[in-house]
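Visitor: Quick one, what's the 3D model for this:
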Amino acid sequence: MGAEALQAALDLTEEMLSVARHAEWSRVMELDQQRRPLIQTAFNRPIPPPSAEVVAGLTRRLRRLNDELISLSEQRRAALSQALAELGRGRRAKAAYGQQDKT
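Guide: A predicted model of the protein is given here:
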């Protein structure tokens, strides 16, 4: 069951990465909710020696894709943070201009 659950988690991770590239973050979160129990299932029990190499390979691939997802989410967060800061500056400028207009 470990390798099968891990492969299913890997498939979901690939889909998460695909939708993240299209900025569909709510879908990424939905897929992550499906992925979490699969990862827990994969590592809930000892991995039998014949499956160890396969599981190790799947785990490495999963980590690489997950690192890519984290990078995309950090880029998105930085872009949103910058947009919010610009919005705040615009509001403050508008408010200052409005006060200046009244004097």
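
Visitor: from here on, contacts and neighbour counts on C-alpha atoms
Guide: Will do.

Visitor: by contact count, what packs against the least confident helix or strand in the chain by mean pLDDT?
Guide: Lowest by mean pLDDT, DSSP states H and E among the helices and strands of the chain is helix 49-102, with a mean of 86. The criterion is 3 or more C-alpha pairs under 8 Å, 6 or more residues apart in numbering; DSSP states H and E, and the helices and strands that helix 49-102 contacts are helix 2-21.

Visitor: Dump the C-alpha coordinates for the helix it packs on into CSV.
Guide: Below are the C-alpha coordinates for helix 2-21, written out as CSV (Å, rounded to 0.1, in the frame of the first residue of the first chain):
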residue,chain,number,x,y,z
GLY,A,2,2.9,2.4,0.7
ALA,A,3,4.1,2.7,-2.9
GLU,A,4,0.6,2.9,-4.3
ALA,A,5,-0.4,5.7,-1.9
LEU,A,6,2.8,7.5,-2.6
GLN,A,7,2.3,7.2,-6.4
ALA,A,8,-1.2,8.6,-5.9
ALA,A,9,0.2,11.5,-3.9
LEU,A,10,2.8,12.1,-6.5
ASP,A,11,0.1,12.2,-9.2
LEU,A,12,-1.9,14.8,-7.1
THR,A,13,1.3,16.8,-6.6
GLU,A,14,1.9,16.9,-10.3
GLU,A,15,-1.7,18.2,-10.8
MET,A,16,-1.1,20.7,-8.0
LEU,A,17,1.9,22.0,-9.7
SER,A,18,0.1,22.3,-13.0
VAL,A,19,-2.8,24.3,-11.5
ALA,A,20,-0.4,26.4,-9.4
ARG,A,21,1.4,27.5,-12.6
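
Visitor: what angle sits between that helix and helix 49-102?
Guide: Taking axes from the mean of the first three to the mean of the last three C-alpha atoms, to 10 degrees, one finds that helix 2-21 is oriented at 20 degrees with respect to helix 49-102.
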